[in-house]
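Asks: Got a predicted model here, sequence first, then my questions.
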Amino acid sequence: MNKEMENRVEEAEIPNILKDYFLRNTHIHLYLNDLLLNEIEEIYIEYDSLYEFDDAEFCSYVITGVKKQEKHEYFYHYLKKVLDSNLELIPKSRISDYQKLTKLGKNISNLQEDEILIALKNLLITMQDLKVTKKQEKLLQAYKLTGALQVLFTLYPDNVYKKDFEHIFLILESIDI
């Protein structure tokens, strides 16, 4: 695959697992072109906007469709028909709270420990600025960071930084403005 197509794949709004497949597969350049990538991207944006579905399953149908693409003159319509008949779709308007939390949990579980540590560090820096400047904006910023971290530690109570967060939160509550 040429560098221009690699850049186009990297920038495309498609699932990361599909990008990874396209970039690592040594034969995909025989099938993939800009027009086909545009059609895949258009379908993904449409489905992602309207439905909840398994990205891996979506990618599986796309990969199979791309490999069979020369047999299908109208790839877009072929792939939509395959997805509509095979992909388990849940309209976003009908998603239960449990399903929303499950998806949120999956997204949060992708956070690296470093990101939580960075958020804690940002909270400490904000608190230090708050002590020095006594500005209300810093207090608001500190509580926004605290809220985000509280959600993370509520969802993942066994996280190694939870005790550190609790200690930092006690200090934040004791700051006098």
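Replies: Structure's in. What do you need?
Asks: Please make it C-alpha for all contacts and neighbour counts, starting now.
Replies: Noted.
Asks: Tell me the first helix or strand C-terminal of the lowest-mean-pLDDT helix or strand in the chain.
Replies: Scoring the helices and strands of the chain by mean pLDDT, DSSP states H and E places helix 97-109 at the bottom, with a mean of 62. Going down the chain from helix 97-109, the next helix or strand is helix 113-133, by DSSP states H and E.
Asks: Low-confidence stretches in the chain?
Replies: Along the chain, segments meeting pLDDT under 70 span 71-73, 94-113.
Asks: quick one, helices of the chain?
Replies: 3-11, 16-24, 34-50, 55-67, 75-86, 97-109, 113-133, 136-155, 162-174 (DSSP state H).
Asks: For the fifth one, which helices and strands make contact with it?
Replies: On a contact count with 3 or more C-alpha pairs under 8 Å, 6 or more residues apart in numbering; DSSP states H and E, helix 75-86 meets helix 34-50, helix 55-67.
Asks: Dump those helices to JSON lines, plus mean neighbour count.
Replies: Formatted as JSON lines, the helices and strands packed on helix 75-86 follow (neighbours: other C-alpha atoms under 10 Å):
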{"stretch": "helix 34-50", "mean neighbour count": "16"}
{"stretch": "helix 55-67", "mean neighbour count": "16"}
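Asks: Could you dump those helices into TSV with distance to A119 added?
Replies: Listed next are these as TSV, based on distance: least, C-alpha to C-alpha, whole Å:
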stretch	distance to A119
helix 34-50	29
helix 55-67	28
